[in-house]
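Colleague: sequence first, then the predicted structure, then my questions.
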Amino acid sequence: QVQLVESGGGLVQPGGSLRLSCAASGFSLGYPVIGWFRQAPGKEREGVSCISSSEESTYYADSVKGRFTISRDNGKNTVYLQMNSLKPEDTAVYYCAADPYPSTYCNNDYYSYHYWGQGTQVTVSS
């Protein structure tokens, strides 16, 4: 059974850092492509970052480029999103999502991802 479990969210002051984790299990075709999305109240879900199966490719939205770093440890079946220099506008529920077909590429197209985690709240506020 496929499962994605996010962790690491919380309340942080502007300028602070958080590291989100996405633990993936049950993928039988190989290492999935993983994307991170976020959704703030009243806004559409936004693609934040993604990483290909063996880290050949990564993507960052312009809004987070230079502040967020995505990485993965396939031995632990976990993808990380290191978030630095956080801003109030980063406040959202963050979701990890998986495309189960291994690939050397990734993209931020919501419809490419078949499986979704339950989300973790990130709040940036003083």
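Modeller: Done, it's in.
Colleague: can you pull up the most central residue in this structure?
Modeller: Note on the chain: the residue nearest the mean C-alpha position is residue 36, at 2.4 Å, using CA atoms, centre = their mean.
Colleague: so who does that one touch?
Modeller: 20, 22, 47-50, 70, 79, 81, 94-97 (CB atoms under 8 Å, 6 or more residues apart in numbering). C-betas here are computed from N, CA, C, even on glycine.
Colleague: next one: it relative to residue 117, how far apart?
Modeller: The gap separating residue 36 from residue 117 is 10 Å, by CB to CB, to the nearest Å.
Colleague: now do residue 102
Modeller: As for residue 102, its distance to residue 117 is 19 Å (criterion: CB to CB).
Colleague: how near is residue 12 to residue 121?
Modeller: 11 Å.
Colleague: out of those two, which sits in the more crowded spot?
Modeller: Between residue 12 and residue 121, counting by other CB atoms under 10 Å, residue 12 is the more crowded of the two (18 against 12).
Colleague: helices and strands around the helix or strand where residue 72 lies, which ones?
Modeller: Using DSSP states H and E, residue 72 maps to strand 68-73. Identification of packing neighbours for strand 68-73 by 3 or more CB pairs under 8 Å, 6 or more residues apart in numbering; DSSP states H and E yields strand 33-39, strand 46-51, strand 58-60, strand 78-83.
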